[in-house]
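Engineer: coords please:
(one chain, ligands or ions: 2)
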Amino acid sequence: MEIPVLYRIKEECCGCTACYAICPKSAIYMEQDEEGFEYPHIKEDICICCHMCVQVCPIKRIANDR
Ligand code: SF4
Ligand code: SF4
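Structural biologist: Ligands and ions are numbered 1, 2, ... in the order given. Below you'll find the predicted structure:
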């Protein structure tokens, strides 16, 4: 599997940190944007492509239910 895409545009991420919390490799870090909102980023050298982060994401779950 490939390294997942957590969001393509910021509207696809509410900064809930669920992906950050669930990652078994601690490969996700939160970083503030210029407005002070935190968004997750994946350290690609650590990620094992388990995709738990995208499975737990509430926004992707809504999108997949459609
Ligand atoms: S795919 Fe797995 S290892 Fe990679 S960032 Fe997501 S939860 Fe972490
Ligand atoms: S789980 Fe989804 S909405 Fe929550 S911080 Fe991660 S990418 Fe953003």
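
Engineer: stretch 9-19 close to ligand 2?
Structural biologist: Yes - taking Cβ under 6 Å from any ligand atom as the criterion, stretch 9-19 and ligand 2 are in contact, through Cys13, Cys14, Gly15, Cys16, Thr17, Ala18, Cys19. The way it works is simple: take the backbone N, C-alpha and C, and place the C-beta from them, glycine included.

Engineer: need the pLDDT of the fourth one.
Structural biologist: Model confidence at Cys16, given as pLDDT, is 97.

Engineer: next, count neighbours for it.
Structural biologist: By other Cβ atoms under 10 Å, the residues close to Cys16 number 14.

Engineer: before we move on, which element is it in?
Structural biologist: Assigned by DSSP states H and E, Cys16 falls within no helix or strand.

Engineer: what's the burial count for the closest residue to it other than its chain neighbours?
Structural biologist: Closest residue to Cys16 apart from its sequence neighbours, by Cβ to Cβ, 6 or more residues apart in numbering: Pro58 at 6.3 Å. When neighbours are defined as other Cβ under 10 Å, Pro58 has 11 of them.
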